[in-house]
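A.B. asks: Pasted the sequence and its predicted model underneath.
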Amino acid sequence: MGDGTAVPLEPHEIALLGNGPRTAVTVAVVDLYLRGLVEADRPGTMRAGIADAVSAERAPSPLAQAVHACLHEPTGLLTLVKDPDVRLALALMRIPLAEAGLVRRAEVGGKGLLK
């Protein structure tokens with residue numbers, strides 16, 4: 001990114017860069033809510049809505065899809081952030097961000113972070 005080329009970012013990617021995974025998942029939930037795919041449930045929880053995810057003009061992001069898949073029963077935000085499929089979606093989001101030089105890459109073998 002040092003060459004002055006702009007990298008177009010999605011809202012959940014900006015959230016991940018700015019405040020981390022929890023904020024990125026929150027943005028994914030808001031996206032799903034605006035699409036009618038998530039509804040409020042018991043206090044502090046949400047569940048999948050009855051709208052059809054296929055009918056959307058633009059498909060939800062892979063992160064939003066992973067979040068939606070977790071909402072078959074009432075679930076809170078912290079549970080979503082800890083879900084293995086959501087964590088995988090977050091990790092996969094980091095790859096193009098790292099390639100663009102926006103985040104550090106985790107070194108294979110857990111020996112730290114590479115710039």
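C.D. replies: Received, thanks.
A.B. asks: biggest helix in the chain by residues?
C.D. replies: Residue-count comparison of every helix in the chain, with assignments taken from DSSP state H, identifies helix 84-99 as the longest.
A.B. asks: Average pLDDT for that helix, rounded please.
C.D. replies: Helix 84-99 shows a mean pLDDT of 94.
A.B. asks: Which positions in that helix come out as buried?
C.D. replies: Of the residues in helix 84-99, Val86, Ala89, Leu90, Met93, Arg94, Leu97, Ala98 count as buried by neighbour count, 16 or more other Cβ atoms under 10 Å. Where C-beta positions appear, they are placed from N, C-alpha and C, glycine not excepted.
A.B. asks: quick one: contacts of that helix?
C.D. replies: Applying Cβ atoms under 8 Å, 6 or more residues apart in numbering, the contact partners of helix 84-99 are 12-13, 16-17, 21, 24-25, 62-63, 65-67, 69-70, 80-81, 103-105.
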